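Engineer: Next come a sequence and a model predicted from it.
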Amino acid sequence: MITDKILGVLNGVVGDYLESQNNPLSIPMTLFYNSKEVKSIDNIPEQSSYKLVFFIHGLTDTEYRWEYKEQEIKTSFGEKIKEESTFIPLFIRYNTGLHISENGERLHNLIQDFFGDKIHLLDEIAIVGHSMGGLVVHSAIQHAKKLESYWESKLNKVFLLGSPHQGAPLEKGANLLSGIFKILPQPYLKLAGDLLNVRSSGIKDLRYGYTKQEEWEGHHPDELLKNRKQKVETYHDIQYYLVAGSIFGSKEQLLARWLGDMLVPISSAMGYSKNELFRYQFKEENILLLSSISHLQLAIDAQVLEFIKKNLIQ
Amino acid sequence: MDKDKIVGVIDLIDQGIENGSLKVEQVHREIADRPWEIMKQIPALADFSDTVLGLQEQVIGNTYQSVRKISKIISSNFKSALIK
């Protein structure tokens, strides 16, 4: 478990490099059911028709992000949903250092391959994405729409927990800092800039919340604060539910808006942008705003679980 | 941790030393060359500065190359011991 968590961090930071070097430390996209790796629908309890909920973690994480203890017993959102519904929870582990669009395509293929020729047994799919995981979900849906994949027609609900739809300020800061280091005449600062730029493609995609290959392909990954985001899409046949958090209490509203959960500002988690092209069309009534909560807590918080259960099961 | 992953860690460390030492070497050269480049502008010191600069380049190059070679030898020995 510890090794897996360390590998998760390593993949988040330099996962694209690991994959380009065929390094065995690179994490392939994998599905887990009951903490065991599963490759096809035959590896989960047999049903006449299947209702599945996929959980996809964020940057530098693994599926362990969803685990927490309740009265000393290990549980997760997935386990809780399983107890109260016919949904089967499946957890995804992946190399978060790759481009979000690459992971999106892989997620699309993974779901497709998981069913194989039994795809007609699929009744309903829901996906819960935490942080970067939410952007991977957007990307997978775009692939599925383009290819008119059957599973996407069964995707009714998507839950996005603290996903940086309009990017993360920390990555913008790293881009700016490395840019400054590179133009200063001191060679050791150039070296610091080079070191800072070692961070993965996945992290760099979080600068503006890229979900498409065309947004990064053919452009220098370290160009200074240049937004190449393309028109964003939400689809009417899918219900999007969002959770945005703030580490501040409800009284410090301005600070809360700016800093959000410390990694993702509230406006970014809600998909809001002044530019209409980049603005995600989410329904206000489907957004849960939480105060006094950190970014990582969003994946294990009781209020978030209630929000998911209320909208998924009922 | 299985053997494959240990080999992966060794490879990553080796590549880190290789790439890192190349970058540090570049910075080292730039900083070390500066005073001699300035002294080269003084005609009386130009020849002497050129000689020292050449010697210095060689010493720096050999030092970092040795680091890379030693790292390669250690990592390949570790890997062959693991595979056996």
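Structural biologist: Received the coordinates, thanks. Numbering: from 1, shown residues only, chains lettered A, B, ... in the order given.

Engineer: make it CA atoms for all contacts and neighbour counts henceforth
Structural biologist: Fine.

Engineer: quick one, what contacts the residue nearest the centre of chain B?
Structural biologist: The geometric centre of chain B, computed from its C-alpha atoms, lies nearest to B:Tyr64 (Cα atoms, centre = their mean), at 2.3 Å. For B:Tyr64, the contacting residues are B:Ser21, B:Leu22, B:Glu25, taking Cα atoms under 8 Å, 6 or more residues apart in numbering or on different chains as the criterion.

Engineer: and if you look at A:Tyr235?
Structural biologist: When contacts are counted by Cα under 8 Å, 6+ apart, A:Tyr235 touches no other residue.

Engineer: Let's see that with 10 Å instead.
Structural biologist: By Cα atoms under 10 Å, 6 or more residues apart in numbering or on different chains, the contact list for A:Tyr235 reads A:Ile141, A:Gln142, A:Lys145, A:Gln281, A:Phe282.

Engineer: In PyMOL, select just the buried ones from those residues.
Structural biologist: Here is the PyMOL command that selects the buried residues among the contacts of A:Tyr235 (16 or more other Cα atoms under 10 Å in any protein chain shown):
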select buried, chain A and resi 141+142+281+282
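
Engineer: Which of the contacts of A:Tyr235 fall in helices?
Structural biologist: Secondary structure of the contacts of A:Tyr235 is defined by DSSP state H; positions in helices are A:Ile141, A:Gln142, A:Lys145.

Engineer: from what I can see the last one touches A:Glu152, true?
Structural biologist: Yes - taking Cα atoms under 10 Å as the contact criterion, A:Lys145 and A:Glu152 are neighbours in contact, 7.1 Å apart.

Engineer: for chain A, longest helix please?
Structural biologist: Of all the elements of type helix in chain A, the one with the most residues (DSSP H) is helix A:2-20.

Engineer: just how off-centre is the following helix or strand past that one within its chain?
Structural biologist: Past helix A:2-20, heading to the C-terminal end, the next element that is a helix or strand (DSSP states H and E) is strand A:30-33. Here the centre of strand A:30-33 is set off from its chain's centre by 16 Å, with Cα atoms, centre = their mean, to the nearest Å.

Engineer: Neighbouring strands of the helix or strand following strand A:30-33 in the sheet, and parallel or not?
Structural biologist: Next helix or strand after strand A:30-33 toward the C-terminus (DSSP H and E): strand A:36-38. Strand pairing for strand A:36-38, determined by DSSP bridges: strand A:30-33 (antiparallel).

Engineer: who's in contact with the partner strand?
Structural biologist: Strand A:30-33 is touched from outside by A:37-40, A:43-45, A:54-56, A:63, A:78, A:88-95, A:106-107, A:110-111, A:114, with contacts defined as Cα under 10 Å, 6+ apart.

Engineer: Using CSV, write down the CA coordinates of that strand.
Structural biologist: Once side chains and other backbone atoms are set aside, the C-alpha atoms of strand A:30-33 remain, and they are given as CSV (Å, rounded to 0.1, in the frame of the first residue of the first chain):
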residue,chain,number,x,y,z
THR,A,30,-6.2,-0.3,-13.8
LEU,A,31,-9.6,-1.1,-12.4
PHE,A,32,-10.1,-2.3,-8.8
TYR,A,33,-13.1,-4.0,-7.2
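
Engineer: That strand - what's its average pLDDT?
Structural biologist: The average pLDDT within strand A:30-33 is 97.

Engineer: Count the residues that sit near the closest residue to chain B within the stretch 101-250 of chain A.
Structural biologist: Residue nearest to chain B within the stretch 101-250 of chain A: A:Pro187 (5.4 Å; Cα to the nearest Cα). The local packing count at A:Pro187 equals 19, with neighbours defined by other Cα atoms under 10 Å in any protein chain shown.

Engineer: residues contacting it?
Structural biologist: If a contact means Cα under 10 Å, 6+ apart, then A:Pro187 has A:Phe181, A:Gly193, B:Val24, B:Gln26, B:Val27, B:His28, B:Arg29, B:Glu30, B:Ile31 as its contacts.

Engineer: Shouldn't A:Lys80 be within a helix?
Structural biologist: Yes - secondary structure assignment places A:Lys80 in a helix (DSSP: H, G, I helix; E, B strand; the rest coil).

Engineer: That one: how many residues sit nearby?
Structural biologist: Under the neighbour criterion other Cα under 10 Å, A:Lys80 is assigned a count of 14.

Engineer: That one and A:Phe115: what is the separation?
Structural biologist: Here the criterion is Cα to Cα, to the nearest Å. By it, A:Lys80 lies 24 Å from A:Phe115.

Engineer: Kindly report the same for B:Ser49.
Structural biologist: In terms of Cα to Cα, B:Ser49 sits 72 Å off from A:Phe115.

Engineer: cool, and B:Asp14?
Structural biologist: Relative to A:Phe115, B:Asp14 is positioned 41 Å away (Cα to Cα).

Engineer: residues in chain B within reach of chain A, list them.
Structural biologist: On the criterion Cα under 10 Å from any Cα of the partner chain, chain A has as its neighbours in chain B the residues B:1, B:3-12, B:15, B:20, B:23-24, B:26-31.
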